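# Make a model of this:
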Amino acid sequence: MKITQKDRIINYIRQFGSITSWEAYQDLGVMQLSARIDQLKKDGYEFRTEWETKKNRFNEEVSFKRYYLADMVAENMNHIPRI
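Next comes the predicted model:
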């Protein structure tokens, strides 16, 4: 059975907690992360995103999204006591 890019993305997020387009390209060889995320949403996955800003090699600020699986966010909050 061939592992799809969508499978790689879900496995990566489950292993590392989140993914950015740079990580998808560098670690998984996925060039169009947002297109795969859109497909995953159609498959029923829910994502939470955060914008991040960093400086590139020209010292210019660049912004990009970091994707989290919404169900993992809820799972990982269970250890926090409710007040």
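
# Tell me how far Lys55 lies from Val62.
For Lys55, the distance to Val62 equals 7 Å [Cβ to Cβ, to the nearest Å]. C-betas here are computed from N, CA, C, even on glycine.

# who touches both of those two?
By Cβ atoms under 8 Å, 6 or more residues apart in numbering, Lys55 and Val62 have no common neighbours.

# quick one: least confident helix or strand in this protein?
Lowest on mean pLDDT, DSSP states H and E among the helices and strands of the chain sits helix 70-76, with a mean of 63.

# pLDDT (mean, whole number) over the longest helix seen in the chain?
Scanning the chain for the helix with the most residues, using DSSP state H, yields helix 5-16. Averaged over helix 5-16, pLDDT sits at 95.

# The nearest residue to Ile9 once chain neighbours are set aside: neighbour count?
Among residues not flanking Ile9 along the chain, Arg36 sits closest, at 5.6 Å (Cβ to Cβ, 6 or more residues apart in numbering). When neighbours are defined as other Cβ atoms under 10 Å, Arg36 has 21 of them.

# Now do the helices in the chain.
5-16, 21-23, 33-42, 70-76.

# To Arg48, which of the ones you listed lies closest?
helix 70-76 (5.1 Å; Cβ to Cβ).

# how far does stretch 21-39 stretch from start to finish?
15 Å (Cα to Cα, to the nearest Å).

# Make residue 1 into 39 and carry on from there
Sure, I'll start counting at 39 from here, so that last one is stretch 59-77.

# now that stretch: how far from the chain's centre is it?
9 Å (Cα atoms, centre = their mean, to the nearest Å).

# repeat for stretch 63-79
Counting by Cα atoms, centre = their mean, stretch 63-79 comes out at 9 Å from the chain centroid.
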